[in-house]
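In: 3D model of this:
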Amino acid sequence: MTTTPTAPLPPVPPGRTTRLAGMLPTDPLLLRLSRFTLLNAFGRGLFFPVSVLYFTRVIGLSATSVGVGLTVAGLFGIAAGVPAGRASDRWGRRPVLTGLWIGCGGALAAYTVVGSYTAFLATAICYAALCQASMGVRNALYADVLPAGARVEGRAHLRMVTNVGMGVGGAFGALALQLDSRAGYTALILVDALTFVGSAVLVHRLPGGAGQRAAADAPAGSRWRAVRDLPFLAVTFLNGLLALQYGLLEVGLPLWIVQNTEAPRWSAALVMVLNCVLVALLQVRATRGVEDLPGAVKAMRRSGLLLALSCAVFACTAGLSPLWAAVVLVAGAVVQVLAEVLSAAGGWTVGYGLADSRAQGVYQGVFNSGQAAATMAAPALVTATAIEHGTTGWAVLGVLFVGAGLGVGPAVRWARRDAEWRGE
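Out: From the prediction side, this is the model:
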């Protein structure tokens with residue numbers, strides 16, 4: 001099957017992706033991508049802070065059963081990435097992503113009528129599978145429409161837009177938490193569902209050439225190569241280890257602050273806000289010099305070292321006075337942000353640069369599933385190390401991050417040798 005692009009958008013010239021008019025870029029293509037990215041992120045920001053409370057306080061489920069259900073749903077989400085990527089390779093990113101996001105909206109709306117654990121579990125599985133699958137397809141869409149020279153910088157801009165959208169959405173979610181009523185939670189969930197549908201409409205209205213495959217159907221042997229491409233899987237695994245930092249920030253650090261330090265409890269919120277602001281300010285700058293594989297390897301190596309340093313700083317907060325504990329936490333959070341923006345930029349470069357362009361959807365599905373698996377594993381790992389064993393546990397995490405950062409270079413060289421051997 002061959003897809004003939006029609007009326008494609010003009011490519012984004014390198015170096016122009018971040019010339020902004022206010023918060024939006026001047027380039028027509030990136031402006032379109034920013035619009036649906038902002039809308040989608042706003043909706044996710046709405047739902048994220050209230051989801052667990054809705055399930056427990058409104059539906060009436062126990063916290064344990066919700067946790068188990070969301071974990072099961074997450075496993076389905078990880079598994080959905082690769083087949084969705086293959087579907088987008090075959091039929092195009094635009095129609096597949098449109099369908100997935102409409103499905104996400106429908107699954108979210110279904111939460112408002114759930115009345116039993118069975119219905120909750122079925123809905124959670126549908127939502128997780130559709131949402132997680134859409135992320136890989138969305139990343140493949142970016143690979144198609146952003147030229148290689150502007151791809152990483154464009155992704156950095158879109159991540160900045162994502163942070164802004166989630167921050168604003170989270171603020172509205174906090175209002176619903178304060179009201180703590182079924183009507184408030186339900187309205188918020190339905191608004192989130194509408195943002196998915198609105199994002200789907202914006203994707204569907206992209207010109208016909210946007211998000212189509214870069215080439216005709218790949219040979220049969222290439223269609224599923226990502227799932228048996230050992231060098232690429234190794235890079236995916238190491239990138240996943242670096243992605244454990246997100247669980248450290250969202251789950252591990254708040255628990256550490258409450259259980260092991262004298263820092264004020266609001267320090268956890270301060271760290272999260274600081275992270276969102278600094279990522280929005282620094283992510284685009286962090287892409288400079290990370291547009292090729294050698295630059296990406298260097299960035300990810302530095303990220304691993306910085307993450308280890310942030311672990312050491314966080315460990316030092318135990319036993320400090322409330323004021324000094326808060327100050328040191330902020331210092332550690334700044335170091336962690338520097339690591340985060342470097343690992344994100346490096347991850348985008350290796351994820352795109354090592355993928356077979358004839359099967360970009362499957363490759364991005366695999367790469368994104370690796371990050372999703374790390375996100376699922378992070379809470380248990382951080383709890384079993386830093387929270388349970390203090391300084392020793394933080395040291396274990398630091399060694400893990402350093403090993404992952406240092407391992408990226410050999411894994412990327414392995415992948416490049418493998419690609420040369422295949423004649424790519």
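In: all helices of the stretch 51-200 of the chain, in order?
Out: Here the stretch 51-200 of the chain has its helices, by DSSP state H, counting those that start in this stretch, at 51-53, 63-91, 93-111, 117-145, 148-179, 182-204.
In: columns mean pLDDT and mean neighbour count on top of the ones you listed, output as a markdown table?
Out: Every C-beta, even on glycine, is put in place using the N, C-alpha and C of the backbone. Below are those laid out as a markdown table (pLDDT from 0 to 100; neighbours: other Cβ atoms under 10 Å):
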| stretch | mean pLDDT | mean neighbour count |
| --- | --- | --- |
| helix 51-53 | 79 | 16 |
| helix 63-91 | 87 | 19 |
| helix 93-111 | 94 | 23 |
| helix 117-145 | 92 | 23 |
| helix 148-179 | 82 | 20 |
| helix 182-204 | 92 | 20 |
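In: to Asp27, which of the ones you listed lies closest?
Out: Closest to Asp27 of those is helix 148-179 (Cβ to Cβ; 8.7 Å).
In: pretty sure Ile59 sits against Gly115.
Out: Yes. Using Cβ atoms under 8 Å, Ile59 makes contact with Gly115 at a distance of 7.2 Å.
In: so between these two, which is more surrounded?
Out: Ranked by neighbour count (other Cβ atoms under 10 Å), Ile59 and Gly115 place Ile59 first, with 18 against 9.
In: list the residues that contact the closest residue to the more buried one other than its chain neighbours.
Out: In this structure, Ile59 finds its nearest non-sequential neighbour in Val114, 5.9 Å apart by Cβ to Cβ, 6 or more residues apart in numbering. By Cβ atoms under 8 Å, 6 or more residues apart in numbering, Val114 lies in contact with 59, 120, 123.
In: go through the helix of greatest length in the chain and flag the buried ones.
Out: Selection of the longest helix in the chain by residue count, based on DSSP state H, yields helix 388-421. Buried residues in helix 388-421, defined by neighbour count with 16 or more other Cβ atoms under 10 Å: 393-398, 400-402, 404-405, 407-409, 411-412, 414-415, 419.
In: and that helix, how far from the chain's centre?
Out: 19 Å (Cα atoms, centre = their mean, to the nearest Å).
In: packing partners for it?
Out: In terms of contacts (3 or more Cβ pairs under 8 Å, 6 or more residues apart in numbering; DSSP states H and E), helix 388-421 is packed against helix 230-247, helix 293-315, helix 322-353.
In: now do 10 Å
Out: Judged by 3 or more Cβ pairs under 10 Å, 6 or more residues apart in numbering; DSSP states H and E, the packing partners of helix 388-421 are helix 230-247, helix 253-260, helix 293-315, helix 322-353, helix 360-382.
In: among the helices of the stretch 51-200 of the chain, which comes closest to Met376?
Out: helix 63-91 (4.8 Å).
In: just want the angle from that closest one to helix 117-145.
Out: Counting by axes from the mean of the first three to the mean of the last three Cα atoms, to 10 degrees, helix 63-91 lies at 40 degrees to helix 117-145.
In: grab the CA positions of stretch 349-369 and hand them over as CSV.
Out: Extracted C-alpha coordinates of stretch 349-369, given in CSV (Å, rounded to 0.1, in the frame of the first residue of the first chain):
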residue,chain,number,x,y,z
THR,A,349,17.6,12.1,19.3
VAL,A,350,18.5,8.4,19.8
GLY,A,351,14.9,7.4,19.6
TYR,A,352,14.5,8.9,16.2
GLY,A,353,18.1,8.6,15.0
LEU,A,354,18.3,4.8,15.5
ALA,A,355,14.8,4.0,14.2
ASP,A,356,14.2,2.4,10.8
SER,A,357,12.4,5.2,9.0
ARG,A,358,10.3,2.6,7.1
ALA,A,359,8.8,1.5,10.4
GLN,A,360,8.9,4.6,12.5
GLY,A,361,5.6,3.9,14.2
VAL,A,362,6.6,0.5,15.6
TYR,A,363,10.0,1.9,16.7
GLN,A,364,8.4,4.8,18.5
GLY,A,365,5.9,2.5,20.0
VAL,A,366,8.7,0.3,21.4
PHE,A,367,10.7,3.3,22.7
ASN,A,368,7.7,4.9,24.3
SER,A,369,6.7,1.6,25.9
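In: how about that stretch, which residues are buried there?
Out: Buried residues in stretch 349-369, defined by neighbour count with 16+ other Cβ under 10 Å: 349-369.
In: likewise stretch 254-265?
Out: 254, 256-257, 260-261, 263.
In: distance to Arg302 added to these, as JSON lines?
Out: JSON lines is the format used below for the buried residues of stretch 254-265 (distance: Cβ to Cβ, whole Å):
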{"residue": "Pro254", "distance to Arg302": "26"}
{"residue": "Trp256", "distance to Arg302": "24"}
{"residue": "Ile257", "distance to Arg302": "26"}
{"residue": "Asn260", "distance to Arg302": "28"}
{"residue": "Thr261", "distance to Arg302": "27"}
{"residue": "Ala263", "distance to Arg302": "28"}
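In: does Leu320 count as helix, strand or coil?
Out: Three-state assignment for Leu320 (DSSP: H, G, I helix; E, B strand; the rest coil): coil.
In: is it true that it touches Val328?
Out: Yes. In this structure Leu320 lies within contact range of Val328 using Cβ atoms under 10 Å: 6.3 Å.
In: identify the residues contacting stretch 50-63?
Out: The contact list for stretch 50-63 (Cβ atoms under 10 Å, 6 or more residues apart in numbering) reads 47, 65-70, 108, 111-112, 114-117, 119-121, 124, 170, 172-177, 180-186, 188-189, 192.
In: start and end of that stretch, how far apart?
Out: 13 Å (Cα to Cα, to the nearest Å).
In: returning to what we had before: the helices and strands packed on helix 388-421: which one's closest to Thr162?
Out: Evaluated with Cβ to Cβ, the helices and strands packed on helix 388-421 place helix 322-353 nearest to Thr162, the distance being 10.8 Å.
In: could you list the buried residues of that closest one?
Out: Quick answer for helix 322-353 (16+ other Cβ under 10 Å): 325-326, 328-329, 332-333, 335-353.
In: show me what it packs onto, helices and strands only.
Out: Contacts defined by 3+ Cβ pairs under 10 Å, 6+ apart place helix 322-353 against helix 117-145, helix 148-179, helix 230-247, helix 253-260, helix 266-286, helix 293-315, helix 360-382, helix 388-421.
In: of those helices, which is nearest Phe196?
Out: Of all the helices and strands packed on helix 322-353, helix 117-145 sits nearest to Phe196, with 8.6 Å by Cβ to Cβ.
In: off-centre distance for the closest one?
Out: Relative to its chain's centre, helix 117-145 lies at 12 Å (Cα atoms, centre = their mean).
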